[in-house]
Every structure is written in C-alpha cells, then in structure tokens.
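Peer 1: Quick one, structure for this:
(chains A, B and C)
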Amino acid sequence: MTSPIVTLLTDFGVADTYVAQVKGVILGINPAVILVDLTHEVPPQSVAVAAFLVSSALHAFPDGTIHLAVVDPGVGTERRPLLLVTPTATLVGPDNGIFSYVLQETGNILISGSTDGIPLPLGVQGYHLTNADYWRQPVSRTFHARDIFGPVAAHLSLGVPPQTLGQPVERVWRMALPELVREGQRIQGCVIHTDRFGNLITNVPGAEVTRRSIEVHIAGRRIKGLSTAYAEGGVNLLALVGSHGLLEISVRDGSAAALLGMGTGEPVRVEFLPTQT
Amino acid sequence: MTSPIVTLLTDFGVADTYVAQVKGVILGINPAVILVDLTHEVPPQSVAVAAFLVSSALHAFPDGTIHLAVVDPGVGTERRPLLLVTPTATLVGPDNGIFSYVLQETGNILISGSTDGIPLPLGVQGYHLTNADYWRQPVSRTFHARDIFGPVAAHLSLGVPPQTLGQPVERVWRMALPELVREGQRIQGCVIHTDRFGNLITNVPGAEVTRRSIEVHIAGRRIKGLSTAYAEGGVNLLALVGSHGLLEISVRDGSAAALLGMGTGEPVRVEFLPTQT
Amino acid sequence: MTSPIVTLLTDFGVADTYVAQVKGVILGINPAVILVDLTHEVPPQSVAVAAFLVSSALHAFPDGTIHLAVVDPGVGTERRPLLLVTPTATLVGPDNGIFSYVLQETGNILISGSTDGIPLPLGVQGYHLTNADYWRQPVSRTFHARDIFGPVAAHLSLGVPPQTLGQPVERVWRMALPELVREGQRIQGCVIHTDRFGNLITNVPGAEVTRRSIEVHIAGRRIKGLSTAYAEGGVNLLALVGSHGLLEISVRDGSAAALLGMGTGEPVRVEFLPTQT
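Peer 2: Got it, this is the predicted structure:
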C-alpha cells in the first residue's frame, strides 16, 4: 500500500509556524502521510483566490489524494467544517465556498450569480464534520486547521470512513463565480487569476478558442490569434491556452499584469472571426 | 518503528539554497527522516523572534521530535553549539538564547531581566556539542547549520545517544524575556509576536483572563471583554485567547498591527473589573 | 534500497500551485520519492541566478540525487529538454545554460565569453529528452516542468535508464560565466550572487586567498585581510571565505549589499601583499 498524500492550502503564510503546527498534528496521527504544500500565500481571508488555486492543482495529483484547504475568516462561528468526497479526490475545509471551482468542474453545475447553498453534483458526497472524537482537544476557537481539519485529514488517510467523521449534507455553500457569456460570435469572460509571472488567466476554456480564428480584447488592447509559447511574443501581448487549459494573456519575459496595469476581475472578450474560405 | 521527525527553523529565507543544503546533508545521513519546515522567514539575526516561534510550534509535534533552530549571528565565534533534551523534545541549535521560551515553558523557571546563563530546569539535559566525529567535514566557519547542527540532528534521529555527541552542561545562555507584572486588579504585559495577519500576541496567559470580566488597554485603546472568534468583531479591535493559549489583539478580516500602527514590544494592560453580584 | 531524492529549483514562486502540480505528477509516478525544494524564488526568467543556485546546493546532497531545475523562458520553443548524468548527480532541465556552473565545476572546462554550445566534460553524459512515452499527456506548451521534466525525473527515480528517455548529445548550451582574471599580484573577479543576508558572493575561489596576506577592493572600499566569522567585523565590511568556498563580502549583523548599494555583477579585486619576512 502506498503512502497517502495530503496537500495543504492556506492563507497562513510561512513566516509564522501555523502551517508547521498543522503538519505536526497530522504526522502525530499518521506519520506515513506524504505532505505537499499547494500554497500558503493566499492573500489573508481571500476565499476566492483560494478557490481558484485549489482547483488548479487537483488534476495533477493521483486519485485519492486528500486536499486540505483552509482560508477561513469565519473560524469559530457557525460556518460548518466540511468534507467532500468526489470521484477522484477528498476535500477538507470550511463550508464557505472554497471548493466552488472544484464543484463546478466536477459536476458541470450551472453557477449563477447568487450565493445561496447549492445541491452537490452527482457523484459527490458531502459531510458536515461533527464527530469531535477525531479532533484535537481542546479545540481552539481560532485555529481549526490544526484542531479539526488537520486531524480529520490525518484520520481519513488512515482509512477512517467519511460517514464516521460527520453527518451527510445535501447542499453546500458556494461563492458567485464570474460568468462566461456567449453571444453570437463572441465570448465575454474575465481574468480570474493573476500568477507570479503576471500572466492573466481568464475563465475562457481553451477548448473553445483553439482551431478557430480569434481576436482577444482586453484593457483596450487587441490581440490577434493564439500563440503556442510564451517566447513567441516580442514585447507585445500574446494570448495562448495556458497550463490550466484556459485562455491566458501574457508578455514574453515580462508581466502582462504590469504592462496593462490590471489584474484579476478585468473583463476579456473573445471575437471569432469569419473563416476565409 | 516510525520515521523520526526533524523540524527546521532558520533565518535563511528560501531564495537561497541554504535550507536545502541542510536538508541534503541530513538526508545523506538518514534518508528515513521526515523533514518539516517550521519557518525560514525569521528576520535576519533575530534570535528573539526565533525563540518565540520555536516554542509556538513544539506542542503540535509528537514526543521525540527533533527540532533544529538556527538563528546564529555568532556563528564561528566562541558561542557553543547546544543540544537540549526535554521530557518531550530534542532541541539542537546555538547556545544564544534561542530556546529561552521553551525552557520557560518546560521548567517554569523565573526569568528575570538579566541575561546571564541560567541553570537548566529539572528534567532537561544539556550538552555542549563537541564531538566532531558527528559533523560534516570540513566545517565551514559560517554555516554550522549545514556542518554541525544538521549532521547532529541526523545522527540523533538514528539513535546516537546525546552523551556521545558532547559534554554535559549545567547552565545555558538565555535572553531577557518580557516580564509580566501582576499588581492588584491588573496585569501589565506586552506584545511578544505579530503574526502575518497582524494579530498581536501578548505574553498574558489565556488562563488568567478567561471566566473573568476584563478590559484590555493597548495603544490608547480600550477593549471591553473577550471575544471567542475573529469574526465577532465589526471593524473594531477585539481581544481573545488565540491558538497560542495567550491573549491576542485582533481585528475582523484585518490587521490589528496596521490599525494601531504598532507591533511587537507594545505594552498591554489587562484590568479585572469588579463582578456585579 | 533507500528512497531516491528529487530536488526542485524553479522561478515559479510559491503563491501559485505550479510547484505543487509538478510534485503531484512526480508522486503519481513514484510515491516513494523524497522531494526537496532547492528554491522557487529565482527571479522570473533569470537563468543566470538559477545556474548559480543549482551548483551551490549540489555538493550537499548524496550521490545519485536527481536535480530538477526549470527556469525556462523558452518553454514550448525549439530549445531542447535535457538530461545530464555526472559522476555524482543527475540533472534534468531545459538546455538553456542552467547547468553552466555545474558543468564548470564538474569538468574544469574553460568557459570563455562566448555563448555557443560547449562539448560536455569528460564523465558527463547528456541526453536530449525525446521519448514522449515518459511524459505526461497532453503536454502543455507552457508547462514542461509538469509535463516533461517532472515525469522524466520520476521515471529516473524508478530506475528507467537515461538512454531510454532520449538521444545522446555531445554539446550543450551554456551561458557566458563571469571570468576571473589573474594578473601579477592581483585577481579581478566580480560578485556572482547576493544572498538574503546581503552577503556578496564573488567568483574568487577561497583556496586562492587563504594563507596569504590580501586586500580586497570593492565599490571604492578597501578591506584588509580575511575574517573567519561574520561576527568579527564591527560595523565595517569584512571579507571571508563563505560556505560556498568562495570569497564573500559581508557586514556583521547587516547587509553588505545595502551598505555598498550594489550587488551581483559588481567587480571585485584581490591584491596579494608582499609577505614581511
């Protein structure tokens, strides 16, 4: 039997020992676990950034990996600690929308602008973590990653079944994700993430823009056609399908975010050009 | 037998490869070790910050964990390389006060304002690391984490007994820790750590302020009563017992340090109010 | 059989999940691998900084360690994915000069100012990674660390022989490294790396300046003699042989880079003084 993998994503930063404390508690329960940091540099309390980043990494991990994601401004209040089991992954974190992108991918559910709870997609089981036998005691009011989520992830890695850890839930909280509007020969989307290189990652699926003749409009600029590598652009903006499988705006050896003076949230428009035959 | 855990805390940052070099040397001696970073973002040469952070993490790790803590402005001088064995942990680092908070917790020893060496608390053994057979050769004058402390931690993880690695010591160096003054119906303390969220962690033990009616005074502000979660405050300051078990000053979804324009070292005063009966 | 070690060096930063994705892919192929981060804070697209940092860490790892180094502005273009096998290490990364310092150390080859391909030093085998059977599919045009280099490193750690992964190459790309000029009683070199402490690491080998009477000239300042520890200097500049085995310019408890207002690239001159007999 191979060692289970547990990933960690938080907004704790790495200057304090909060992340290490979570790891220490997990290893105290299951020393055989393989710990991998997704990132701890989510801006403090930014559930939206966390939601994108969690989903960006999932597909690279083996089936069965346990993902701990804790950006949790409501820690200690009535928001529920949550466990989700999808066909390929196990997710542990607060029920505050942090798994919104993952659920969108998993279930192809329509996500409108509202922020009410949504039914779980087919094939996804949800549990409200209520069984304090599997928590670290005493439970701090401010550090559930160490005292609830970490211990639960560790017990899951040992094979404790989800239904032992909590009560089934039918609906979970989610945030309003930016919508994609398709009308005629255009798609309206927006930048949903700005990475450390200043690449602007949009919510336009790569599959919809390849093998077609397109123009991308962003921040008053127009980009003609798709590139296939960052190094193709001169000093100009380029559009390509990035490693997330999404349309991405970049600059060769530079930052598109800096060049355009903008970032996440900026609208983007793709125009499909008539094919000359 | 489970794999031994070795944690690492330094001021090396992660932009260079210094931390990786220490890990490479440790894994070369014992590839079965589990390495966990506490933090490497201690401000350069800040032994005081390191001392707080080491002690903040210890309680989350299983008994027997080996903690390597190296913030070492005196590297290459006459300061001693040190090994401490407490009832629950093994500590390796320079004898410059970096374990001051740990020793305070372990032994409940009175720490006054002086900075002379102190006798070790009951149940703690200390060793001056002198046996160069367990070091990496040649020993650099500037990088004992790689050449002395790392190898020693690795050999400890293999079961080499402490007394083989050095000579027993009776007294160790420590820094002057901020004192807590209790007088009548008040406690005078101060902020001893500012975390990445801007939470101000004080040296006032949580146990002394719970179940009582209190007011907290800091930076000209007054906070009435204790909160139980960060999300309880509006835009106001709140006081709560944080995950360190200490009184903490916070702001909901914001930074108390930024709001007050201050940080570590700031005095804090707790007033106990008469109970109305 | 001990677990193989795979180190990772990139310019991905840790705020995104790119590094984690590479790790997830590697662990999916070989969950027994031990992953160690060298650094991910190489400035974006700085192959020169990466080249120094890779070589700085290699000597600290056990023989046979696999080092993945990906700073890759040309990703998706015609630059070759490369595998190098030296007598002590296995190196995987783009053929863009990122292993220039390692090859210099391995082979003592003369590196002039040109940037053409160079023949591999004796004892080093090179392979152009061409066998897509060992890649992750589909291969993104922008993320070969995840889709080519990571999977190749993982398969190497499982024992797949290098010649299965690609075609032998005789010459590899390298960058022009800063030269050292020895003339009479002086050596002219320069600062090749500035670390997080502000220490200025030069390309002057420590072995050439010890046991001799020297003066170091840098940025209009003169430093007399070698120190043996950072704590020896007062507020003044000091010169010593640092942990890299190279001449280093430092300030006690401070930053030489900040004091002098300069960094990597700054010329340095060592003058050998007549021995008084």
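Peer 1: how many neighbours does the one residue in the stretch 101-250 of chain A that gets nearest to chain C have?
Peer 2: In the stretch 101-250 of chain A, the residue that lies nearest chain C is A:Ala229 (2.9 Å; C-beta to the nearest C-beta). For glycine as for every other residue, the C-beta is placed from the backbone atoms N, C-alpha and C. By other C-beta atoms under 10 Å in any protein chain shown, 18 other residues sit near A:Ala229.
Peer 1: Give the full set of residues in contact with it.
Peer 2: Residues touching A:Ala229, when contacts are defined by C-beta atoms under 8 Å, 6 or more residues apart in numbering or on different chains, comprise A:240, C:74-77, C:141-142.
Peer 1: which two of those lie the greatest distance from each other?
Peer 2: Set against one another by C-beta to C-beta, the contacts of A:Ala229 have their most distant pair in A:Leu240 and C:Gly74, with a gap of 14.4 Å.
Peer 1: what about those two, which has more around it?
Peer 2: Neighbours around A:Leu240 and C:Gly74, counted as other C-beta under 10 Å, are more numerous at A:Leu240. The numbers are 27 against 18.
Peer 1: Check the gap between the more buried one and C:Thr164 for me.
Peer 2: Separation of A:Leu240 from C:Thr164 (C-beta to C-beta, to the nearest Å): 31 Å.
Peer 1: go on, A:Ile34?
Peer 2: Following C-beta to C-beta, the distance that separates A:Ile34 from C:Thr164 is 27 Å.
Peer 1: quick one, which of those two is more surrounded?
Peer 2: In terms of neighbours (other C-beta under 10 Å), A:Ile34 is the more surrounded of A:Ile34 and C:Thr164; the figures are 20 against 12.
Peer 1: And that one, its phi and psi?
Peer 2: Main-chain dihedrals, A:Ile34, degrees, to the nearest 10: phi -100, psi 120.
Peer 1: just the one 10 residues further on next, same as before
Peer 2: Backbone dihedrals for A:Pro44, given as degrees, to the nearest 10, come out at phi -50, psi 130.
Peer 1: got the contact list for it?
Peer 2: When the contact criterion is C-beta under 8 Å, 6+ apart, the partners of A:Pro44 are A:11, B:196-197, B:253, B:255.
Peer 1: Save these as a markdown table, and put in pLDDT, neighbour count and secondary structure too.
Peer 2: Conversion of these to a markdown table gives the following (pLDDT from 0 to 100; neighbours: other C-beta atoms under 10 Å in any protein chain shown; DSSP: H, G, I helix; E, B strand; the rest coil):
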| residue | pLDDT | neighbour count | secondary structure |
| --- | --- | --- | --- |
| A:Asp11 | 96 | 22 | coil |
| B:Arg196 | 93 | 18 | coil |
| B:Phe197 | 93 | 21 | coil |
| B:Asp253 | 84 | 14 | coil |
| B:Ser255 | 93 | 18 | coil |
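Peer 1: beta partners for the nearest residue to A:Phe99 once chain neighbours are set aside?
Peer 2: Computed as C-beta to C-beta, 6 or more residues apart in numbering or on different chains, the closest residue to A:Phe99 that is not its neighbour in sequence is A:Leu91, at 5.5 Å. When bridges are assigned using DSSP bridges, the partners listed for A:Leu91 are A:His67, A:Leu84.
Peer 1: A:Leu91 - how many residues pack around it?
Peer 2: Burial of A:Leu91 is recorded as 25 neighbouring residues (other C-beta under 10 Å).
Peer 1: Could you check how far it is from chain C?
Peer 2: Here the distance between A:Leu91 and chain C works out to 15 Å (C-beta to the nearest C-beta, to the nearest Å).
Peer 1: wait, what's in contact with that residue?
Peer 2: Under the criterion of C-beta under 8 Å, 6+ apart, the neighbours of A:Leu91 are A:54, A:66-67, A:69, A:82-85, A:99, A:102.
Peer 1: Just the element for the nearest residue to A:Glu266 once chain neighbours are set aside, please.
Peer 2: Nearest in space to A:Glu266, with sequence neighbours left out and distances taken as C-beta to C-beta, 6+ apart, is A:Val191 at 4.5 Å. Remark: A:Val191 resides in strand A:186-194, with elements defined by DSSP states H and E.
Peer 1: do A:Gln163 as well
Peer 2: For A:Gln163, the host element (DSSP H and E) is helix A:162-165.
Peer 1: tally of neighbours for whichever residue of chain A sits closest to chain B?
Peer 2: Of chain A, the residue with the smallest distance to chain B, taken as C-beta to the nearest C-beta, is A:Gly76 at 2.9 Å. For A:Gly76, the count of nearby residues is 19 (other C-beta under 10 Å).
Peer 1: And A:Asp63, by the same measure?
Peer 2: 10.
Peer 1: which residues of the stretch 1-150 of chain A fall in strands?
Peer 2: A:5-10, A:34-39, A:66-70, A:81-85, A:90-94, A:118-119, A:125-129 (DSSP state E, counting those that start in this stretch).
Peer 1: Same check on the stretch 151-277 of chain A?
Peer 2: Under DSSP E, counting those that start in this stretch, the stretch 151-277 of chain A gives strands at A:166-169, A:171-172, A:181-183, A:186-194, A:200-205, A:214-218, A:221-224, A:237-241, A:246-251, A:267-272.
Peer 1: Tell me which strands the fifth one pairs with, and in which orientation.
Peer 2: As defined by DSSP bridges, the strand partners of strand A:200-205 come to strand A:186-194 (antiparallel), strand A:246-251 (antiparallel).
Peer 1: Tell me which of those is the most buried.
Peer 2: Compared across the strands paired with strand A:200-205, strand A:246-251 shows the largest average neighbour count, a mean of 25 (mean count of other C-beta atoms under 10 Å in any protein chain shown).
Peer 1: Point out the residues in the stretch 1-150 of chain A that sit beside chain B.
Peer 2: Selection of the stretch 1-150 of chain A residues close to chain B by C-beta under 8 Å from any C-beta of the partner chain yields A:12-18, A:20-25, A:27-28, A:31-32, A:35, A:44-45, A:73-77, A:140-143, A:146-147.
Peer 1: Drop anything exposed from the residues you listed.
Peer 2: Of the members of the residues of the stretch 1-150 of chain A next to chain B, the ones counted as buried by neighbours, 16 or more other C-beta atoms under 10 Å in any protein chain shown, are A:12-18, A:20-25, A:27-28, A:35, A:45, A:73-76, A:140-143, A:146-147.
Peer 1: Restricting to these, which residues neighbour chain C?
Peer 2: With the criterion set as C-beta under 8 Å from any C-beta, the members of these near chain C are A:Val14.
Peer 1: For the helix or strand of chain A with the lowest mean pLDDT, name the packing helices and strands.
Peer 2: Between all helices and strands in chain A, the lowest mean by mean pLDDT, DSSP states H and E belongs to helix A:100-107, at a mean of 82. If you count contacts as 3 or more C-beta pairs under 8 Å, 6 or more residues apart in numbering or on different chains; DSSP states H and E, helix A:100-107 packs onto helix A:47-58.
Peer 1: residue ranges with poor pLDDT in chain A?
Peer 2: Filtered on pLDDT under 70, chain A yields the residue ranges A:1-2, A:106-116, A:233-235, A:276-277.
Peer 1: How about the residues of the stretch 1-150 of chain A by chain C?
Peer 2: For the stretch 1-150 of chain A, the residues in contact with chain C (C-beta under 8 Å from any C-beta) are A:2-3, A:5, A:7, A:9, A:14, A:34, A:36-41, A:53, A:56-57, A:60-62, A:65.
Peer 1: Is there a neighbour count for A:Leu177? I'd like the number.
Peer 2: When neighbours are counted by other C-beta under 10 Å, A:Leu177 registers 19.
Peer 1: cool, and A:Arg174?
Peer 2: Other residues within reach of A:Arg174 by the criterion other C-beta under 10 Å amount to 23.
Peer 1: roughly how far apart are it and A:Gly97?
Peer 2: Counting by C-beta to C-beta, the gap from A:Arg174 to A:Gly97 is 5 Å.
Peer 1: Was I right to think A:Gly254 contacts A:Asn199?
Peer 2: No. Contact status for A:Gly254 versus A:Asn199: not in contact, 10.2 Å apart, counting by C-beta atoms under 8 Å.
Peer 1: neighbour count winner among the two?
Peer 2: Under the neighbour definition other C-beta under 10 Å, A:Gly254 and A:Asn199 were set side by side, and A:Asn199 has more, 23 against 17.
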